[in-house]
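[1] Give me the fold of what follows.
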Amino acid sequence: MKTNKIHNIKSSGFKAPLDYFDAFDDKLLDKLKNESPVQAIKTSGFEVPKGYFKTIDDTIIKQIESDKPTTKVIPLFNKKMILYATSIAAAVLLLFNLSLFDTNSKPTFDSLDSQSVENYILNENISFSELASLFSDEEWNASIFSEDHIDDENIENYLLDYSDIETLLTE
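    Numbering: from 1, shown residues only. Purely as a prediction, here's the structure:
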């Protein structure tokens with residue numbers, strides 16, 4: 001569209017009768033006072049067939065039932081999800097039933113054998129100062145040692161079993 005010569009146009013191209021807008025208000029008000037707008041309408045323009053409102057319910061229900069689309073139903077729990085959930089639950093149950101968390105299998109001082117404790121002390125080269133740090137001063141009293149009666153025969157058996165003859169002779 002060419003807009004370069006719009007400023008040269010002198011008339012719009014639309015024409016109205018002479019004194020049309022001066023007398024328009026008066027003509028409109030006279031027409032409204034003399035005639036009622038509802039009385040001026042003779043027919044509404046809409047027609048309803050006979051018995052339409054009596055049979056409309058049945059026709060709507062028939063149409064809905066015949067046009068019912070088949071929808072794809074997606075189940076909330078499918079077989080794959082149930083299989084995953086049960087396998088996870090079984091794994092968790094197995095984990096808690098294993099002996100990893102069993103507190104009864106921990107060793108106690110009552111269950112230790114004196115021979116294994118003695119072998120540990122001999123094989124690990126534990127010094128007397130480390131052993132002494134485990135006991136309090138009250139446990140090292142001379143009265144504790146005097147209560148134990150060690151026979152000469154037991155001392156002799158111990159020395160024969162756990163010491164060298166050469167070290168005994170040199171001492």
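[2] Tell me which helix or strand comes right after the longest helix belonging to the chain.
    Longest helix in the chain by number of residues (criterion: DSSP state H): helix 79-97. Proceeding N to C from helix 79-97, the next assigned helix or strand is helix 114-123, under DSSP states H and E.
[3] Tell me where the model's unsure across the chain.
    Confidence mapping of the chain against pLDDT under 70 gives the ranges 1-4, 36-40, 68, 99-107, 136-149, 165, 168-169, 171.
[4] at 90 instead, please
    1-51, 59-79, 81, 92-171 (pLDDT under 90).
[5] Show me the strands in it, by range?
    Ranges of strands in the chain, per DSSP state E: none exist.
[6] ok, so what distance separates the residue minimising distance to the centre of it from Asn78?
    With distances taken as C-alpha atoms, centre = their mean, Ala85 lies nearest the centre of the chain, 14.4 Å away. Separation of Ala85 from Asn78 (C-beta to C-beta, to the nearest Å): 11 Å. Where you see a C-beta, it was placed from the backbone N, CA and C, and this is true even at glycine.
[7] And for Ser111?
    52 Å.
[8] With Thr59 instead?
    40 Å.
[9] Same check on Ser44?
    Noted for Ser44: a distance of 57 Å to Asn78, by C-beta to C-beta.
[10] quick one: which of these two has more around it?
    Neighbours were counted for Ser44 and for Asn78 using other C-beta atoms under 10 Å; Asn78 has more, 9 against 6.
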